[in-house]
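Novice: Let's see this in three dimensions:
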Amino acid sequence: MFEDKQDLIHYAVNKALDGEMDVINSIEEKPIRGKAKAMMVKCKRTGERPPMPKINLKTKLNTSEVEKVEPEEELITRLVADGVKGIMDEINALDNRVLRGKIKASIVREKRKGNG
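Specialist: Numbering: from 1, shown residues only. As a prediction, this is how the structure comes out:
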C-alpha cells in the first residue's frame, strides 16, 4: 500500500493527529510504531504535520493489511446492543480493556433501564 516505511509513518501520524490513534497502534512492527508515536509527539509540540503520502489504490491489498475501521462510538453502540441480547463473544475478545469495561458498564445500565 505504501512505497516505503516512511510513508506509512507519515500516514499514521496524520491519521492520529486527526483523532484516529488506532492507525498507529495497529502497526505491528514495534520500531516503526515507536517512530510514528515519536513523530506524533513532535508534531503536536511544533504544530507541523508531515506530508500526507499518496496512497496507491491500484495495488491489491490483503484483507489483513486493511481492516474495516469502525468509529469507536458505533462500535460501542453495536456491542452494547449485542451484550443486552446476551451476545458477549466479540466483547470478551476485545484487547482494549478500557473499551471493554465501558461497554460492559453500559450493558449493565441498559439492563437496569429495561428492568426498572
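Novice: Would you mark the buried spots in the longest helix anywhere in the chain?
Specialist: Counting residues, the longest helix in the chain under DSSP state H turns out to be helix 97-115. For helix 97-115, the neighbour count (16 or more other CB atoms under 10 Å) marks Ile103, Lys104, Ser106, Ile107 as buried. Glycine gets a C-beta too; all of them are placed from N, C-alpha and C.
Novice: Farthest pair within these?
Specialist: Farthest pair in those (CB to CB) is Lys104 and Ser106. Separation: 7.3 Å.
Novice: shared neighbours of those two, which are they?
Specialist: Common contacts of Lys104 and Ser106, defined by CB atoms under 8 Å, 6 or more residues apart in numbering, comprise Gly83.
Novice: residue ranges with poor pLDDT in this protein?
Specialist: Judged by pLDDT under 70, the chain has its weakly predicted residues at 1, 56-69, 115-116.
Novice: quick one, domains of it?
Specialist: Following automatic domain parsing, one finds the domains of the chain at 5-46, 72-115.
Novice: which residues touch the longest helix of the chain?
Specialist: Helix 97-115 is contacted from outside by Glu72, Leu75, Ile76, Leu79, Val80, Gly83, Val84, Ile91, Asn92, Leu94, using CB under 8 Å, 6+ apart.
Novice: run the last query once more with 6 Å
Specialist: With contacts defined as CB atoms under 6 Å, 6 or more residues apart in numbering, helix 97-115 is touched by Ile76, Leu79, Val80, Gly83, Val84, Ile91, Leu94.
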